[in-house]
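Novice: missing the sequence, but the structure's below:
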DNA sequence: CAGGAATGCTAGCGCTGCTAGGATTCAGTC
DNA sequence: GACTGAATCCTAGCAGCGCTAGCATTCCTG
């Protein structure tokens, strides 16, 4: 019994090691540098070991993304808690969102841009994902008026996401990001 | 003189053939199916011929993207022209934008999502790109109030882009797309 | 101590983007 | 009309990719 428990513990530890290594490698050199060979070398195991933990490379990226959702949700929660009042929380949460994307571009990429198969708008989506959305919804709530809160939150989220991705891909100049964010907030604040 | 002219004509024709083949292959089977081998086979030349026209595969994708910008700009222009009045043009243009993304997902992908190096927010960006942005700006203009038109257009564009990409990647359920678009429009209409 | 399960490696498959080098075709010259 | 140089285009191959079959080895169990 105890032996098997120890083995499972070690397996879990190694799995965490793989995820961390993938994240570090991606953050240091971008996702194109995260190959199964380099990742295996970094965790000091052979390639096939990765496949005893994950179905394929995409599953490793999903695991990193899930970590990212937890981080993002935490930062939005902190931002909302630090807001001077409920009505101004939206600005704080919005700023936290874009700041997160700015600080963790590759993380944001795998969370929202890359084509990974991960359930999103369904019940079996990761808890961290729901938590993040709920934070956003709480912040939007005072400004909803008669609109459907869920849909309005999704729409505001889309606005943030659009600003973030277009800026990140150099489709929008980075310099005026703050002013665009303010414009978006003004349109969603009542 | 005339011989060289004929050669250049033939070269241009073949280049166009490559771009069209790449677009068709992508639209039929997705970008991951567009490999240099399959593309070469399709145009009935060997692989190296592709590299005598384009620096690398990314340059071919950029060429397809530029075609897409022209198409999108044209559809937005048509939508704005067909609008009953200037104030309601925004809704028509917005609908045209999301409809384009819906009908040409792989084209939209290479235009706005994939990391291709193409100048965007600078003067030497493709003319079709400027044209598209100007269409959008014209539609936004009646609702700008005291806000900077350029920045407001960029922000509205970000909203559309966010809705489109999050829906396309299944981050948002497709079903309520129309209602989210209406919410966005309501927030940007005065 | 023997048998069997679990573990992790080496080696390799079929694919990718891209390129070096040589064969072939073509245009202009004597 | 044969010769030369340039332009054209193909064959073959490199290094790297995600992924896996099959064999050693290690470890636990009876």
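Specialist: Thanks, I have it. Computed from a prediction, not measured in an experiment: that's the story for all the values here.
Novice: stretch A:8-23 near DNA strand D anywhere?
Specialist: No - Stretch A:8-23 lies out of reach of DNA strand D by Cβ under 7 Å from any atom of the strand, never closer than 10.3 Å. Where C-beta positions appear, they are placed from N, C-alpha and C, glycine not excepted.
Novice: so which residues make contact with that stretch?
Specialist: A:34, A:39, A:42-43, A:45, A:49-50, A:53-54, A:60-61, A:63-64, A:67, A:107 (Cβ atoms under 8 Å, 6 or more residues apart in numbering or on different chains).
Novice: filter the residues you listed down to the ones near DNA strand D?
Specialist: Among those, DNA strand D is touched by residue A:34 when using Cβ under 7 Å from any atom of the strand.
Novice: among the contacts of stretch A:8-23, which one lies nearest to DNA strand D?
Specialist: Among those, residue A:34 lies closest to DNA strand D (Cβ to the nearest atom of the strand), at 6.5 Å.
Novice: quick check, the closest one in contact with residue A:28.
Specialist: No - Residue A:34 is not in contact with residue A:28 according to Cβ atoms under 8 Å; the separation is 9.7 Å.
Novice: neighbour count winner among the two?
Specialist: Between residue A:34 and residue A:28, residue A:34 has the larger neighbour count (other Cβ atoms under 10 Å in any protein chain shown), namely 24 against 10.
Novice: identify the residues contacting the more buried one.
Specialist: Counted by Cβ under 8 Å, 6+ apart, residue A:34 has contacts A:22, A:25, A:26, A:57, A:61.
Novice: again, but for residue A:125
Specialist: Counting by Cβ under 8 Å, 6+ apart, residue A:125 touches A:118, A:119.
Novice: if we go to 6 Å?
Specialist: Shown in contact with residue A:125 (Cβ atoms under 6 Å, 6 or more residues apart in numbering or on different chains): residue A:119.
Novice: is it in a helix, a strand, or coil?
Specialist: Three-state call for residue A:125 (DSSP: H, G, I helix; E, B strand; the rest coil): coil.
Novice: report the buried members of the contacts of stretch A:8-23.
Specialist: A:34, A:39, A:42-43, A:45, A:50, A:53-54, A:60-61, A:63-64, A:67, A:107 (16 or more other Cβ atoms under 10 Å in any protein chain shown).
Novice: among those residues, which two are most distant?
Specialist: Within the buried ones among the contacts of stretch A:8-23, A:45 and A:107 form the most distant pair, 23.7 Å apart (Cβ to Cβ).
Novice: report the distance from the longest helix that chain A contains to the chain centre.
Specialist: Counting residues, the longest helix in chain A under DSSP state H turns out to be helix A:2-29. Here the centre of helix A:2-29 is set off from its chain's centre by 20 Å, with Cα atoms, centre = their mean, to the nearest Å.
Novice: which strands or helices does whichever helix or strand comes after it pack on?
Specialist: Sequence order places helix A:36-43 as the next helix or strand after helix A:2-29, per DSSP states H and E. Helices and strands in packing contact with helix A:36-43 are listed as helix A:2-29, helix A:47-53; criterion 3 or more Cβ pairs under 6 Å, 6 or more residues apart in numbering or on different chains; DSSP states H and E.
Novice: mind checking the SS state of residue A:145?
Specialist: Taken by three-state DSSP, the conformation at residue A:145 corresponds to coil.
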